[in-house]
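Student: Test case, fold it:
(4 chains)
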Amino acid sequence: MEQQPTNIWIWSAIAVLWLLPLLSFVIGLVLWRKRKSGLGKFSTSLLAVSTLLSWLIFGINFGVPESLLSLSWWKVGTTEFSFSLALSGITQLLLVIVNTVSLLVHVYSLEYMKDDPGKNRYFACLGLFTFSMLGIVLSDSLLLIFCFWELVGTSSYFLIGFWYKKESAALASFKAFLVNRVGDLGFLIGICLIYAIFRTLSISELQTMVDAVQWKGEVFNFERNGELITSSPFMFTVISICLLGGAVGKSAQFPLQVWLPDAMEGPTPVSALIHAATMVAAGIYFVARVFFLFTPPALFIVAFIGAITAVMGAVAAISQYDIKKVLAFSTISQLGFMVLALGVGGREEGLFHLATHAAFKAGLFLAAGSIIHAMHRFAHETHAHFDAQDMRLMGGIKKYMPTTFLVFLLLALAISGIPMFSGFLSKDAIITKAFSWASAEGGVRWLVPILALFSAFLTAFYMSRLVMLVFFGSNKTPGLGEKSGLTENGKLITIPLMVLAGGSLWIWFNWNPFGQGSWLMDLVATGRSTISGLYLETTNEIPHKTIAIISILASLTGVGLGYVMYDEDEHQTIAELEETTTKPGFWSELSFNNWYLNELYDQTVVYSFNQLTKASSWADRRVIDPLINLTGVLMVVASVVVGWFDKKVVDGLVLLTVRITEFFGNIARSFQGGAVQKYIAWSLFFTLLVVTWILIK
Amino acid sequence: MDIGIIHYIFAALVVLSVLGILVTRNLLYAAFLLVLTFLGVAGLFVLAQADFVAVTQLMIYIGGVLILLVFGIMLTNRVAGQPILTQLNRTVLGVLFSVALFASIVYLTQGFQTTEIVAAPHAIQRLGMAILTDYFILFEIVGVLLLVALVGAATIARFKGEGHG
Amino acid sequence: MGNSIYILLSAFVFSAGVALVLTRQNVIAVLIGVELVFNSANINFVYFNALYPERLDGQFFALVVITIAAAETALALAIILKLYRTYHTTNLDEISSLVEE
Amino acid sequence: MTTFLFFLPLILTNAVLGIYAERKISAFIQDRMGPMETGKFGILQTTADIVKLIQKEDIVPAAADWKLFKLAPVIIFTAVFSGFAVIPLSGAWDGAGLEIGVFYLLAIISLDVLGILMAGWGSNSKFSLFGALRSVAQIISYEVPLGLSVLCVVMITQSLDLQEISLSQGLQSPNAVYLFGVVKSMDVSQWGGVFAWNIVQAPLLIPVFVIFFIASLAECNRAPFDLPEAESELIAGYHTEYSGFRWAFFMLAEYGMMMLVSMLAAILFFGAWNTPLPNMGVVKLADWTTGAPGSFMSYIWGVFWLLSKALIGMFMHMWIRWTYPRLRIDQLMNLSWKYLTPASILLLLLCGIWRLWMIA
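Tutor: All right, here's what the predicted structure looks like:
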C-alpha cells in the first residue's frame, strides 16, 4: 500500500483529541463522589477542544490517502503485536461525528443532569465512552479494536445502569452487557481465525494481502510473509460471519436487538449519544472497515439480517407508547437499514446513512429528552405522579415548546425520508443500491429492497404517529391548565437541538435535494479491492429517478397515513391507561411486544438453560455426591488402616530412634551441664592426654 | 648478701602463700595471701632485673586487681559476722589434675639450659623507648582494650532499676 | 641438671591456680586461681627475658599480661556482680543456666 | 640501710611533734589555747598520750577476725614506712637507689589500702567497714590525678629516679637551667637556689602542684577529704574498734603518710634537698647553704632543707584541715573524676608539649 509520510502534527493532534476525554475520565475518577464540584463544564470544554481538533483534521487532511501510525506494543516470542492507528476518510468522518455528537450531548447534559447527585460520575463515564469510541475509530489493529470495543461496552454498561438504584436500570445494563457478550464471542473467534490464516491483526496489512489475492476458481491464493497460502472461500465466509457477530451484538441487529429498547433506562442524552448515534454505529463502522473480507454468501446473510431487523424494528415502533421506546425501535430499524446497505455491497451508502442518521437520531433523542425533561419538571412542580415518557399523556405540546416542536418536526421529516432532508438522500441511495443488487442476482434477493421500502414506509408512519400524538391535538397531561404548565427548556438544551436539526438538512450532503448520493460517499470510498469483488458480478443499473419516486411515495404515504390515523384525540384517563397497555389485536400485541422476542428467548434460551441447570444440579446431587461420599467412606476405611500401621509400625520406629537418640543425648548432655568447671576439667583432661602421648612418644 | 638466698626466700614466700591459698577456705584470707604471692613474685622480678615489671605488678595487682577482688568478695556475700567461706568441689579430681600437670611440666622442662642472670643497664629507658617504638601498636591496642573493658565493666555492673536488685 | 627455680615456681603457681579453678565453688576463688595462672605466665616471661638482657620482649609481654589481667578482673567482677544480683549466689554449680529462672 | 635507720626515729618523732603541732595550730586557728597543762605550753601532752596508749589494754572485739584485725595496723605502717626507702636525703645520701623511685612510691602508697581494708573487714563493725570502703574508694580515685600529676613532673624531668629529679633542681643539675625555663638567653645554672626548682624551671607545674596537693590530701585521708573517718557519720571510720597501741600505729601511719607526701611534693616541685637561696653575684648564698658535695655539711644542709620543706607542707595540711569544711562523698568523687582527672590529663599533654618545645 502507499504509505503516506506520517505527519507528526496530525498525529499529535489526534493523540491530544483522543486523550482529552480520557483526562476527563481520570479527573472524574478523582471527583467520583463529589457532588458540588462541577466536572461537567470542564469535561465539556475539554471535549470542545477535542471536537475543534477533529474538525481541523477533517479539513486539513481532506482527501488525503490513508496514513498509518504503528508502534510496538507487546511481544510474544517472535510475534510482535503493534499498537497501530490508521487515519483515512472513514476515520476522519467518524472522528467528527463522534466528537461533535459527544460535545452536543455534553452541552445538553449540563442542563439535563444539572440536579443529579451523580453528575460527576456521569461526565466521567461520558469521557471514558468518548475515549474508547475514538479508540475504535482510530485503531488499525483488530486486537486494539476489540479492547476498545469492550471498553465501549463497559462504559455503555455504566451509563445504562447510571441510576443503578432503580432495579429496571440495573437489569437493563446486565442485559445489554450479556447480549453483547454473545456477539463479541463471534467477534473474538473471528479475530482468532484471522490470525490463524493471515498471521496479522492489522487491518491495513489484511487489506494489502487481500489486494494481492488471486482467485483460482475454487480457492484463494495469497501471499503471507513471502509464502503462498491457499484458502477456501468458505473459510472467509466463516470469518465474515464471525466478525459480523460482533456487529450484530453492538448494533442491535436481529436476533440480538433485544437489549437496545431496555437500554433506554439510561439518561436520555446517553441514549442519544451511545444508543443512537455512535456506539451502535460502531458495528456498522467495523463491518465497513473489514468489508473487504466479506464473501458474497456472507454479504447475502448480512443483507437479510439488515432487512429483517429494519422491518422488525419498524413494526415494533408502531405501537409503542413510550416516546423513547419508539425512538429505540426506530434506531434498530435504521441500523438494520445500514446493515442492509452493507449487505447489498453499498459500503459507502451505509456509512452515509450512518452519518445522517447520527445527526437526526441524536437530535430526535435529545428533543425527546427535552420534552421528558419538561414533563418531569412539570410533574415535580405540581407534585403529580405520572409517566413522563408516555405519549398518551402528551399532546399539543407544540403550543408550549415551540422550539422543540420545530426541531422535532424537521428531524422527523429527515428520518421519514422526505426530500430536502439528509434522510432522503441516504435512504434513497441505499434503496437504489438494494434494487440494483437484487436485479443483478434475482430470486429471493428481491425481498431485500421490498422490505427496505416497506420499512421506509413504516418509518414515515410511526414518526408521523409520534409527532401527532405528542405535538398535536389537545393536551392530556394530568393537571395541566392553559396558563401554567410545560415550558421550553434552557438554551443549553435547545442549542444542541438546533445544531442537529440544522445538520439534518440536505444542503450539507448534496446540493441537489433530489440528487443521488453525497460527496461523503466519495470520501469514505477506499478504492481497494474486496473479496466479493473477485467474483464476477454484473450490476443492473435501475434508473435512479424511478427508485427515488417510489421511495418518496412510500414515505409520503406513511406520513399521510399517520396523520390521518392519529389526528383524532384519544381521551383516556390515567386509570384507563394503567388498565390497557395496548390496543387488543394480534398485530398490535406482536408489535408492542417487539415480536415477542424477549418471551421467545425466555422460552427457548433461558428455559433451556434453566433446564440444563436443573439437570446438572440433579446430576450433581444424585450422581456426583454419592460418588464423593463413597470415596469419602473408602478414604475413612483406608485411613483407619493406615492409622493403625502408622501408630504401631512407623511410630514404633520413630520411638526407637528417639530412644536411641535420647540415650546418646543424655551421655552427650552430661558433658555440658552449664558447670563451667567441668568444661575446664575436661579440657585439662584432654590436654593431659596429649601431654601423656608426647611423653610416651 | 648472697643473691641466691634472697631468691629462695622470695620463692619460699610465694610457695607458702600459694599453699595457704590452696588450703584455706576463707576467701578473704585467700585474697590477702594472694598479696603475699604477688609481693614474692614482684621480688623475684626485681631479682630478674625487671624492676619496672615488679613495680607495675605491685601497683596493678595489689593496688588494683586485689582491691577489686576484695570488693567483689564483700559485695557478693552477705556480711553476717561469719567468715566468708567457699565450698570445695571435686577436690580429689582437682588435686589429681594439678599434680599431674605440675609433674608433666616439670618433666617436660627438665634439662632446660639455665644461664646466669646478668644485670641489664638502663632497662627502664630502653623499655620506654621500646614501648613507644617497637611495641607501639600493641601498646595502643592494650590501651584501647583497657578502655573498652572499663566501659564494659561499668555498663555490666550498673544497677538497672529495682528489678534485679 | 635440675630446673631453674623460676620455672619450678612458675609450674607450681600454675598448677595451684588450676587446682583452685577446678576445686573452688565460689566464683571469686576461681578468679583468684586465674590470677595465679596469669602470674605464673609472667614469671616465665620475666625469667626468660632475664636470660637475654639485650632484649625486652619478655618484660613488655609481662606488662601486657598484667594490663590484660587488670581489664579481665574488672570485667569478671562486673559479671560476677551481675550474676550475684541475678542468682543471689556466687556458687558456680548453681549458676548453670543461661536463662533467668 | 642508713636511710631506714634515719627514718624510723624520724617517723616516731614526727608523729609526736605532729600531733602536738596539730593541736596547737588548730587552737590558734580556732582562737583558743590548746593543750597547756602538761609541761610548758603543754609540750609534753603528746608524750603523756603515748604513755597512756601504750599502757592501755589491747582490745580485740570478740566478733572480729583477729588475724586481720591484728595485722592491719602493721601493714599500713609498713607500707608507709617502706615508702620512705626511696627518699633521697642529700646529694650523696640517697635512699634505695631505684631507677623507678617515684613509681615505686606510688605503688607503695596504694598498698596501705590493703591495710585499711583488713582493718575495716577484720573489725566486723559496720562503721569500720563503711569507713574502709569509703577510704579505699577515695584513695583509689585520687591515685589517678596523683599519678598523672607525678607523671607531669616525670615528663619534664625525664626521670623516675627521685635522686635524679633532686639533682636536676640545684647547682649540681646536669642540664642548663634557664630562667622560668622559657627565657633561653638567661642561663641561671649558676644561680641555683629557688631558680632551679622544678616549679620555677617550668611554671606550668604550678597547676600540676595544686592538683598534686589536693590529691595528696585525699591520699592521706586528711580534711577536707576525711570522709572515711567522719566523726559525725562513722565514729572513726576503719579504726573505730582499735584502741591503745594499735590505734597509735594508725596515728603513726597517718602522720608518716603526711610526711611522705610532703617530702614527695618537696622533691618533685620544690627542689628536694636543694637550698632555696640562690647565688647572687659574690654573695654565694646557695653554695654556703649547700655545702661541698660529699662533705658532712652537705648531709646536714640536705636533711635540713628537705625536712623544712616537708614540715611546711605538713603545716599546710593542718592549716587546710582546720579551715575547710568536709566534702560530701559525691562531691568528693565528682572532684576527682570530673575535674582533677581531666585537668591532669590536659596538663600532662601540655607538659609533653612544653618538654618538646621549651626544653628540648
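Student: Show the contacting residues for the residue in chain A that chain D sits nearest to.
Tutor: For chain A and chain D, the shortest gap (CB to the nearest CB) falls at A:Gln677, measuring 27.1 Å. No exception for glycine: its C-beta is placed from N, CA and C like everyone else's. Listed by CB atoms under 8 Å, 6 or more residues apart in numbering or on different chains, the contact set of A:Gln677 reads B:89-90, C:21-22, C:30, C:92-93.
Student: Go through those residues and name the one nearest chain D.
Tutor: Among the contacts of A:Gln677, C:Val30 lies closest to chain D (CB to the nearest CB), at 20.8 Å.
Student: Which elements pack onto the stretch of helix or strand the closest one belongs to?
Tutor: According to DSSP states H and E, C:Val30 maps onto helix C:27-51. When contacts are defined as 3 or more CB pairs under 8 Å, 6 or more residues apart in numbering or on different chains; DSSP states H and E, helix C:27-51 packs onto helix B:3-23, helix B:27-47, helix B:67-76, helix C:5-23, helix C:57-87.
Student: Give me the contacts around the third one.
Tutor: Where contact means CB under 8 Å, 6+ apart, the residues beyond helix B:67-76 that reach it are B:27-28, B:31, B:34, B:84, C:27-28, C:31-32, C:35, C:73-74, C:77, C:80-81, C:84, C:90, D:113-114, D:117, D:121, D:129, D:133, D:136, D:140.
Student: switch to 7 Å and redo it
Tutor: The contact list for helix B:67-76, computed with CB atoms under 7 Å, 6 or more residues apart in numbering or on different chains, reads B:27-28, B:31, B:84, C:28, C:31-32, C:73-74, C:77, C:80-81, C:84, C:90, D:113, D:117, D:136, D:140.
Student: and the residue in chain D positioned nearest to chain B, what element?
Tutor: Across chain D, the shortest distance to chain B (CB to the nearest CB) belongs to D:Ser110, at 3.3 Å. Using DSSP H and E, D:Ser110 maps to helix D:101-123.
Student: and that helix, average pLDDT?
Tutor: The average of the pLDDT scores along helix D:101-123 is 83.
Student: Any buried residues in that helix, and which?
Tutor: With burial defined by 16 or more other CB atoms under 10 Å in any protein chain shown, the residues of helix D:101-123 counted as buried are D:101-123.
Student: and if you look at stretch A:129-149?
Tutor: A:129-146, A:148-149.
Student: What distance do you get for the residue in the stretch 1-150 of chain D that chain A sits nearest to to D:Leu114?
Tutor: Closest approach between the stretch 1-150 of chain D and chain A, counting by CB to the nearest CB: D:Trp121, at 27.1 Å. According to CB to CB, to the nearest Å, D:Trp121 stands 11 Å off from D:Leu114.
Student: Would you tell me which helix is longest in chain A?
Tutor: Using DSSP state H, we find that the single longest helix of chain A is helix A:347-382.
Student: Mean confidence (pLDDT) on stretch A:420-433, please.
Tutor: 86.
Student: oh, I was asking about stretch D:266-284
Tutor: Regarding stretch D:266-284, the rounded mean pLDDT is 81.
Student: Pull out the buried positions in that stretch.
Tutor: Buried residues in stretch D:266-284, counted by 16+ other CB under 10 Å: D:266-279, D:284.
Student: Which two of those have the greatest separation?
Tutor: D:Leu268 and D:Lys284 (26.4 Å; CB to CB).
Student: In three-state terms, label A:Glu223 for me.
Tutor: The assignment at A:Glu223 comes out as strand when based on DSSP: H, G, I helix; E, B strand; the rest coil.
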